[in-house]
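# this one's structure only:
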Ligand code: UDX
């Protein structure tokens, strides 16, 4: 099949490359000529494990090409995926200007029957909006269908998630269009759910909001654990043995960041309000999440007395491990609070430092965790990169001015850290060693 993919961000590029790998002819389209050039040279503008190899192979075998010309790509292909960005506006609602522009261009270029597939996370009702825009702009009355095919990939495992999705959701009001997209995904041999447009749009938001809810839920439990001397890690583990609850997404800590959850939950709140329903449940997910960084800094202040003149070392800056993405990263908020209170900040992250440096040039960026720990009054783990699991903590302790460890992701064993001579704080973990008496 000949496929055009508009937008070469995480979703678009990975989708394009995977469809090419499945044997289709793919035209990747972006308005940024620099990105298009890079892709045509086999250099992915984003980092994702396995992406460069797949890109290069499919370029060499001439199944993939990049261009800035969406109109020509539309004329050449029967299926056009819209994977452009939907950044949040001031009010938190997604800005649809790129989706609208893509739809208008597609409309003007229609030269026969086309299927336009929304893959970007777009507000409920966007499928109808795209349909209207195409209708308004088409010069000839060519037939077309709009399909919603939401993407569930995670950053850091985008290629693997796309090749092996838990489910494929295809929302179309015309079965003919749905079957064409089923055909495209058939080689993956994964569960497919065919539904109408509105349901597919809701599935995406309901899924992400539920995952975010799990995180905020366990963080609210963590706060109660701290007050009562209970341990949230063991609580979550025991809860998760119930298959109706499950172990995943119950890690208490600094909360969620990234380009999806904060934006999607906010957009969902707006949608629920727009339809005259009560958004309180969903709003609380954000209220709880937004409070995490401030609360964490408060714990450091409680220990150190005041933060002015103190040196705080941060391990990890990316919004999660294995990515250089710092969108909505908890580190940014934590740095902001620490600087506001007059602390000196030292930081180390395996890949995200240049991006943070562009925002906070005034903090010290270090070559590794040990350098970050030098003369620090507290060491705070912000992102649980694997390389932080096996640090030499005696070396860390000896480098520090005071051995205070604040574990924002509950990565370390509290008892072990206390035995090594650290004051240890974990989110939602008992303040002394008594937490390890229960064996799970
Ligand atoms: C997420 C969804 O997982 C994906 O399906 C969707 O398509 C896009 O949004 P992503 O943003 O890449 O993907 O990150 P994810 O791995 O889900 O983590 C999101 C955030 O939640 C991270 O900041 C992570 O640290 C945090 N998190 C995750 C927790 O705080 N606790 C958990 O138990 C799990």
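Looks like it came in fine. Small disclaimer: the values here were computed from a predicted structure and weren't measured.
# List the buried residues for the helix or strand hosting residue 282?
Take DSSP states H and E as the rule and residue 282 turns out to sit in helix 280-304. By 16 or more other CB atoms under 10 Å, the buried positions in helix 280-304 come out as 282-283, 285-286, 288-289, 291-293, 296-297, 299-301, 304. All C-beta spots, glycine's among them, are computed from the backbone N, C-alpha and C.
# Report the two of those separated the most.
Greatest spatial distance among the buried residues of helix 280-304 (CB to CB): 282 and 304, at 35.9 Å.
# if I pick residue 233, what's in contact with it?
252, 410, 426, 428-429 (CB atoms under 8 Å, 6 or more residues apart in numbering).
# Go through these and name the one nearest the ligand.
residue 252 (7.3 Å; CB to the nearest ligand atom).
# What score does that closest one have for pLDDT?
We have a pLDDT of 98 for residue 252.
# surely it meets residue 234?
No. Using CB atoms under 8 Å, residue 252 is not in contact with residue 234; the gap is 11.1 Å.
# Those two: which is more packed in?
residue 252 (28 against 17; other CB atoms under 10 Å).
# give me phi/psi at residue 28?
The phi/psi pair for residue 28 (degrees, to the nearest 10) reads phi -90, psi 130.
# actually residue 3, sorry about that
phi -130, psi 140.
# Which residues are in contact with the residue most central in space within the chain?
Nearest to the mean C-alpha position of the chain, by CA atoms, centre = their mean, lies residue 258 at 4.1 Å. Contacts here follow CB under 8 Å, 6+ apart; on that basis residue 258 touches 155, 319-320, 325, 327-329.
# Is it in a helix, a strand, or coil?
When classified by DSSP: H, G, I helix; E, B strand; the rest coil, residue 258 comes out as coil.
# What separation is there between it and residue 266?
Counting by CB to CB, to the nearest Å, the gap from residue 258 to residue 266 is 13 Å.
# Please identify every residue contacting each of these two.
Here residue 258 and residue 266 have no joint contacts, going by CB under 8 Å, 6+ apart.
# residue boundaries of the helices in the stretch 201-350 of the chain?
232-240, 261-274, 280-304, 330-340 (DSSP state H, counting those that start in this stretch).
# cool, and the stretch 1-150 of the chain?
Assigned by DSSP H, counting those that start in this stretch, the stretch 1-150 of the chain shows helices spanning 10-21, 33-40, 51-60, 70-76, 97-109, 126-137.
# What lies in contact with the longest one?
Under the criterion CB under 8 Å, 6+ apart, residues 6-7, 70-72, 74-75, 80, 82, 84-86, 114, 116, 118, 120, 122, 126, 129-130, 133-139 lie in contact with helix 97-109.
# Going through those residues, which ones are buried?
Applying 16+ other CB under 10 Å to those flags 6-7, 70, 74, 80, 82, 84-86, 114, 116, 118, 120, 122, 126, 129-130, 133-134, 138 as buried.
# Backbone dihedrals for residue 125, both of them.
Main-chain dihedrals, residue 125, degrees, to the nearest 10: phi 100, psi -10.
# Equivalent analysis for residue 306, please.
Residue 306 adopts backbone torsions of phi -140, psi 160, taken as degrees, to the nearest 10.
# I'd say it and residue 343 touch.
No. Under the criterion of CB under 8 Å, residue 306 is not in contact with residue 343, lying 9.1 Å apart.
# quick one on the thing from earlier: report pLDDT for the residue nearest to the centre of the chain.
Taking residue 258 on its own, its pLDDT is 95.
# before we move on, what about residue 121?
Per-residue pLDDT puts residue 121 at 86.
# For this structure, which residues are neighbours of the ligand?
Selection of the chain residues close to the ligand by CB under 6 Å from any ligand atom yields 151-155, 208, 211, 215, 249-251, 253, 255-258, 260-261, 319-320.
# Which of the residues you listed are buried? Put it as a ChimeraX command.
The command below creates a ChimeraX selection of those among the residues of the chain next to the ligand that count as buried (16+ other CB under 10 Å):
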select :151,152,153,155,208,211,215,249,250,251,253,255,256,257,258,260,261,319,320
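# For the residue of the stretch 301-440 of the chain found nearest the ligand, list the residues it contacts.
As assessed by CB to the nearest ligand atom, the ligand sits closest to residue 320 within the stretch 301-440 of the chain, at 4.0 Å. Contact analysis of residue 320 by CB under 8 Å, 6+ apart lists 155-156, 257-258, 383.
# how close does residue 367 sit to residue 81?
Taking CB to CB, one finds residue 367 at 42 Å from residue 81.
# whoops, residue 41 was the one
Counting by CB to CB - residue 41 and residue 81 are separated by 23 Å.
# quick one, which of the two is more surrounded?
Using other CB under 10 Å as the criterion, residue 41 and residue 81 rank with residue 81 on top: 31 against 11.
# May I see the contacts of residue 258 arranged in CSV, with pLDDT as well?
Shown next, in CSV, are the contacts of residue 258 (pLDDT from 0 to 100):
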residue, pLDDT
155, 88
319, 97
320, 96
325, 92
327, 94
328, 96
329, 98
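# ok so, going back, quick one, which of residue 306 and residue 343 is more surrounded?
When neighbours are counted by other CB under 10 Å, residue 306 and residue 343 differ, and residue 343 comes out ahead with 23 against 10.
# who's in contact with that one?
Contacts of residue 343 (CB under 8 Å, 6+ apart): 307-312.
# burial of the closest residue to it other than its chain neighbours, as a residue count?
Of all residues not flanking residue 343 in the chain, residue 307 sits nearest, at 4.2 Å (CB to CB, 6 or more residues apart in numbering). Neighbour count for residue 307, taken as other CB under 10 Å: 21.
# How about residue 264, nearest residue that isn't a chain neighbour?
Nearest residue to residue 264 in three dimensions, chain neighbours excluded: residue 208, at 4.4 Å (CB to CB, 6+ apart).
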